[in-house]
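1. sequence unknown, structure follows:
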């Protein structure tokens, strides 16, 4: 892909342009040194300036480093006045271990582009709920660096983070219950992320509580979870009133999670959930742990059109 060439716009304070600093953080698991370097080179190839701590990868059990190091490194990136973006290296596990220290931060930093998915859902939850940031559910840097994204998805990601594309449209969604087929338009914001990681917030200080006026559209995806586990997560959220005042639920990719006979019960599980839910439920959002990981902004303007041929448009923050 060609290097970035940015035109001036009203969004210069938020979106990236050539020469901007991108802070690389690893609030969860580690990746190999080789994949890390590949991610660094990719950022450089885009014309941005990668910045990271030399001790970023010093694995501590299943984490990229100690809790203290990961928190301090993330904090530095959040408050850095000279960087325009924070890109998470890898998911896995461990981000929510940083919540206790993050919740002690009394000063909110101005928003910047924050990118990641999977376990990084915990970081999205904190930044969306406590700091009011828009964040970007998109590919982790180790995956981008390995050239695992289809060319068109990589191009779309770059266009989104540079502000060259003002919205991402998810067409041909599948209505999963009668409520989803009724003709109506929901204008609100998207929240959510990895289902298992999101579910862990129940009972914590970051347990989501939505207002009806917010018109929150909850998005979920997951990997490696069998049908009964997906059902457990959804039941837990439902019984904890996590869907109270939620305007709609949209599902992304649910991959792997096969039974011992090689079959999957996940889609049947999602369908049963939809039929037992009184709010519109859709499937078909092209992002998650699958091959196609399209960028999806959280806490930014979204329009979900419910009908027999539903679609969802999510606008970039500060888009004209």
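-> It's in. Computed from a predicted model, the values in this text were never measured in an experiment.

2. What helix or strand is residue 121 located in?
-> For residue 121, the host element (DSSP states H and E) is helix 121-129.

3. For residue 201, which three-state class applies?
-> On the three-state scheme (DSSP: H, G, I helix; E, B strand; the rest coil), residue 201 is labelled coil.

4. now do the one 4 residues further on
-> Using three-state DSSP, the three-state assignment for residue 205 comes out as coil.

5. how's the protein carved up into domains?
-> When the chain is parsed into structural domains using automatic domain parsing, the resulting residue ranges are 21-161, 167-315.

6. For the helix or strand containing residue 72, name the packing helices and strands.
-> Secondary-structure element containing residue 72, defined by DSSP H and E: helix 67-79. On a contact count with 3 or more C-beta pairs under 8 Å, 6 or more residues apart in numbering; DSSP states H and E, helix 67-79 meets strand 21-25, strand 83-88, helix 99-102. In short, each C-beta sits where N, CA and C put it, glycine included.

7. Residues contacting it, please?
-> 23, 25-27, 53, 55-56, 58, 63-65, 83, 86, 94, 97-98, 101-102, 105, 107, 109, 123 (C-beta atoms under 8 Å, 6 or more residues apart in numbering).

8. mind redoing it with 6 Å?
-> Taking contacts as C-beta atoms under 6 Å, 6 or more residues apart in numbering, the residues outside helix 67-79 that touch it are 23, 25, 27, 53, 86, 97, 98, 101, 109.

9. where does the protein dip in pLDDT?
-> Segments of the chain classed as low confidence (criterion: pLDDT under 70) are 1-12, 320.

10. Do a quick rundown of the strands in it.
-> Remark: strands of the chain, listed N- to C-terminal, are 21-25, 49-51, 83-88, 113-116, 135-137, 167-170, 174-175, 184-194, 216-223, 248-255, 281-283, 296-298, 301-306, 311-315; assignment by DSSP state E.

11. right, so those strands: which one is the most enclosed?
-> The highest mean neighbour count among the strands of the chain belongs to strand 135-137 (a mean of 27), with neighbours defined as mean count of other C-beta atoms under 10 Å.

12. Relative to the whole chain's centre, how far out is that strand?
-> 5 Å (C-alpha atoms, centre = their mean, to the nearest Å).

13. Now do it: which elements does it pack against?
-> strand 296-298 (3 or more C-beta pairs under 6 Å, 6 or more residues apart in numbering; DSSP states H and E).

14. let's go with 8 Å and repeat that
-> In terms of contacts (3+ C-beta pairs under 8 Å, 6+ apart), strand 135-137 is packed against strand 113-116, helix 121-129, strand 296-298.

15. Pipe those into a markdown table and attach distance to residue 148 per row.
-> Shown next, in a markdown table, are the helices and strands packed on strand 135-137 (distance: least, C-beta to C-beta, whole Å):
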| stretch | distance to residue 148 |
| --- | --- |
| strand 113-116 | 15 |
| helix 121-129 | 20 |
| strand 296-298 | 18 |
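
16. Mind checking the ones you listed for the one nearest to residue 260?
-> Shortest separation from residue 260 across the helices and strands packed on strand 135-137 is recorded for helix 121-129, at 28.3 Å, computed as C-beta to C-beta.

17. Now tell me what touches the closest one from outside.
-> Counting by C-beta under 8 Å, 6+ apart, residues outside helix 121-129 touching it are 27, 74, 88, 95-96, 98-99, 102-103, 114, 116, 133-135, 137, 191-194, 197-198, 200-201, 206, 208, 298-299.

18. Good, we can wrap up now.
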